[in-house]
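Okay, structure incoming, though there's no sequence with it:
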């Protein structure tokens, strides 16, 4: 039988508690990461984890997939889940391999996924799409009833006591007696030039995202 971890152990950091962040940092990580891992335990007591896109919609986190996916039906039926997200912010270079590290922001949201009601599905899918490519939902046609019926969109509330967020920043935490350079190497997400599949005017949503996150915007 699987042991059940007490709720308090899931809502507080037991190691390096000074790295814990607030709700504003949680929102920042969820909005920036875009991709995370949805995990649960099956009725057979086996672990189940799937990497997937997610989007924050106010005080809830949206995930979606095929309405025919058995795994999504399982979590939609009330199985408890966790969603984890991770953003790498830099490589930490120390004077010993033991003290090398990574700067990061990580988040865990836990709770129970609930199906988004039909009346809200169109808006929720628009929120989801715009979280990945801002402004795109206004440039394309609306979802058809067939597309909506083929899509399962679920939400887990972001509730007090149901999340953790953690951050590490800066350089090495300790120094050795050896000489040499130490510090950290910041990392960031960039997009390369869009690749055309069909000729036409570049959508504004794509152009804006490319300008914001291209190497040329950071000389």
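Now that the structure is in, tell me what you want to look at. Everything numeric here is computed off the predicted structure, so don't read it as measured data.

The helix or strand residue 52 falls within pairs with which strands, parallel or anti?
Applying DSSP states H and E as the criterion places residue 52 in strand 47-53. If you go by DSSP bridges, strand 47-53 pairs up with strand 35-41 (antiparallel).

Touching the partner strand from outside, list them.
Residues from elsewhere that reach strand 35-41 (Cβ atoms under 8 Å, 6 or more residues apart in numbering): 2, 47-54, 63, 74-75, 79-86, 107. Heads up, the C-betas are built off the backbone N, CA and C, glycines and all.

mind running it again at 7 Å?
Strand 35-41 has contacts (Cβ atoms under 7 Å, 6 or more residues apart in numbering) with 2, 47-54, 63, 75, 79-85.

Derive a ChimeraX selection command for the buried subset of those residues.
To isolate the buried members of those in ChimeraX, using 16 or more other Cβ atoms under 10 Å:
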select :53,54,63,75,79,81,82,83,84,85
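
number of nearby residues for residue 20?
13 (other Cβ atoms under 10 Å).

For it, give the beta-bridge partners.
Residues in beta-bridge contact with residue 20 (DSSP bridges): residue 166.

which ones are touching residue 52?
By Cβ under 7 Å, 6+ apart, the neighbours of residue 52 are 38, 63, 65.

Regarding this protein, what is its longest helix?
helix 118-132 (DSSP state H).

Show me what it is packed against.
Contacts defined by 3 or more Cβ pairs under 7 Å, 6 or more residues apart in numbering; DSSP states H and E place helix 118-132 against strand 55-57, strand 60-66, strand 151-157.

can you redo these as JSON lines with mean pLDDT and distance to residue 167?
Converted to JSON lines, the helices and strands packed on helix 118-132 look like this (pLDDT from 0 to 100; distance: least, Cβ to Cβ, whole Å):
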{"stretch": "strand 55-57", "mean pLDDT": "96", "distance to residue 167": "17"}
{"stretch": "strand 60-66", "mean pLDDT": "88", "distance to residue 167": "19"}
{"stretch": "strand 151-157", "mean pLDDT": "90", "distance to residue 167": "22"}
